[in-house]
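Novice: this one's sequence-less:
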């Protein structure tokens, strides 16, 4: 486990008076490292979005896949660092990760099936509309 001890009372008072934090503290180092990693990933996301908007660089489906991947990287890093999952037992990590993978698979399957159903309904509607000229249909009354 990481050393998460707080500053001693004297060090805390000195840091408070001077407005400085102790950069040798492992907690501060970890927070600064997390900040820079998340900042770089976010800047890459923004740069790709602006580049696509201005020049059309990368097709939209590929760009969306890259955004999803970078978002997952940030989410995993945040969960690992701030929720301390990185420091837990591997069995606990897998116990959380495996249901999450199945959840993403289920969401993807539902979206795929929904899209296929929408396409099938749209195609059926087109067949019906093109095979029956509605303006020529006469209604018989008995």
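Specialist: Nice, I can see it. For clarity, every value in this text was computed on a predicted model and none was experimentally measured.

Novice: what stretches of the protein score poorly on pLDDT?
Specialist: 1-23, 126-139, 142 (pLDDT under 70).

Novice: how about the strands in it?
Specialist: Assigned by DSSP state E, the chain shows no strands.

Novice: Leaving aside the residues adjacent along the chain, what's closest to the residue nearest to the spatial centre of the chain?
Specialist: Central residue of the chain (CA atoms, centre = their mean): residue 71, 3.4 Å from the mean position. Using CB to CB, 6 or more residues apart in numbering and skipping the chain neighbours, the partner closest in space to residue 71 is residue 45 (7.8 Å). Just so you know, the C-beta spots here come from the backbone N, C-alpha and C atoms, and that holds for glycine as well.

Novice: The one you found contacts residue 68, correct?
Specialist: No. With contact defined as CB atoms under 8 Å, residue 45 does not count as touching residue 68 (10.6 Å).

Novice: Please say which of these two ends up with more neighbours.
Specialist: More neighbours surround residue 45 than the other of residue 45 and residue 68, with 15 against 10 (other CB atoms under 10 Å).

Novice: what about that one, distance to residue 102?
Specialist: Going from residue 45 to residue 102 by CB to CB, to the nearest Å gives 27 Å.

Novice: Counting neighbours, what do you get for residue 115?
Specialist: By other CB under 10 Å, the residues close to residue 115 number 10.

Novice: ok, it to residue 41 distance?
Specialist: On the measure of CB to CB, residue 115 and residue 41 end up 29 Å apart.

Novice: One more: residue 107?
Specialist: Distance, residue 107 to residue 41, using CB to CB: 23 Å.

Novice: One more: residue 100?
Specialist: Taking CB to CB as the measure, residue 100 falls 20 Å from residue 41.

Novice: who's more crowded, these two?
Specialist: residue 41 (15 against 9).

Novice: For that one, give me its contacts.
Specialist: Residue 41 makes contact with 70, 73, 74, according to CB atoms under 8 Å, 6 or more residues apart in numbering.
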